[in-house]
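Undergrad: Here is the input, now give the coordinates:
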Amino acid sequence: MRVSRKKQQRNYRMRDKLKDSLKDVIAAVKGGKKPEAEKAMQAAYKAIDTASKKNIIHKNNANRKKAGVAKMVANIDKVAAAAPAKKKGAKKAAPKKAAKKVEEPKAEAKEEKKEEEKAE
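TA: Purely as a prediction, here's the structure:
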């Protein structure tokens with residue numbers, strides 16, 4: 001049991017390291033910083049290869065991730081230009097209000113029936 005727990009913790013750490021390295025590449029690409037993106041790409045490659053070697057991710061998954069990272073860095077000019085600029089002062093539409101249900105009060109209806117019965 002303890003051995004499997006240790007392996008699980010090691011796998012989680014490796015997965016987190018892999019995700020962090022990919023996030024670093026994406027952030028550098030969106031910022032349009034090519035030298036930083038290339039350094040981050042190398043770190044991501046290392047993390048991806050290590051995860052693949054230790055069977056944390058499948059080798060084909062590793063190859064897809066590496067190809068995607070390389071494609072992002074190669075097209076850094078297009079990605080940085082296509083990133084939408086945030087609008088300042090833009091407001092979201094107000095949420096719609098729920099329609100009120102018109103319910104006939106049950107207590108009043110019962111009282112009216114009792115009064116009618118007494119009157120008869």
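Undergrad: how many neighbours does Val3 have?
TA: For Val3, the count of nearby residues is 7 (other C-beta atoms under 10 Å). For the C-beta atoms, the positions are set from N, CA and C on the backbone; glycine is no exception.
Undergrad: separation between it and Lys96?
TA: 55 Å (C-beta to C-beta, to the nearest Å).
Undergrad: swap in Gln8?
TA: Between Gln8 and Lys96 the computed distance is 46 Å (C-beta to C-beta).
Undergrad: Where does pLDDT dip in the chain?
TA: By pLDDT under 70, the weakly predicted segments of the chain are 1, 80, 83-91, 98-107, 120.
Undergrad: Does anything pack onto the lengthiest helix in it? Which helices or strands?
TA: For the chain, the helix with the greatest residue count under DSSP state H is helix 2-31. Applying 3 or more C-beta pairs under 8 Å, 6 or more residues apart in numbering; DSSP states H and E, one finds that helix 2-31 contacts helix 34-53, helix 59-74, helix 76-82.
Undergrad: If you count surrounding residues, which of Gln8 and Lys96 has more?
TA: For Gln8 versus Lys96, the count of surrounding residues by other C-beta under 10 Å is larger for Gln8: 10 against 6.
Undergrad: didn't Glu36 look like it was pressed against Ala28?
TA: Yes - between Glu36 and Ala28 there is a contact at 4.2 Å, judged by C-beta atoms under 8 Å.
Undergrad: So these two - more neighbours on which side?
TA: When Glu36 and Ala28 are compared for neighbours, Ala28 comes out ahead with 22 against 15, by other C-beta under 10 Å.
Undergrad: if I look at the more buried one, how far off is Ile48?
TA: Computed as C-beta to C-beta, the Ala28 to Ile48 distance reads 16 Å.
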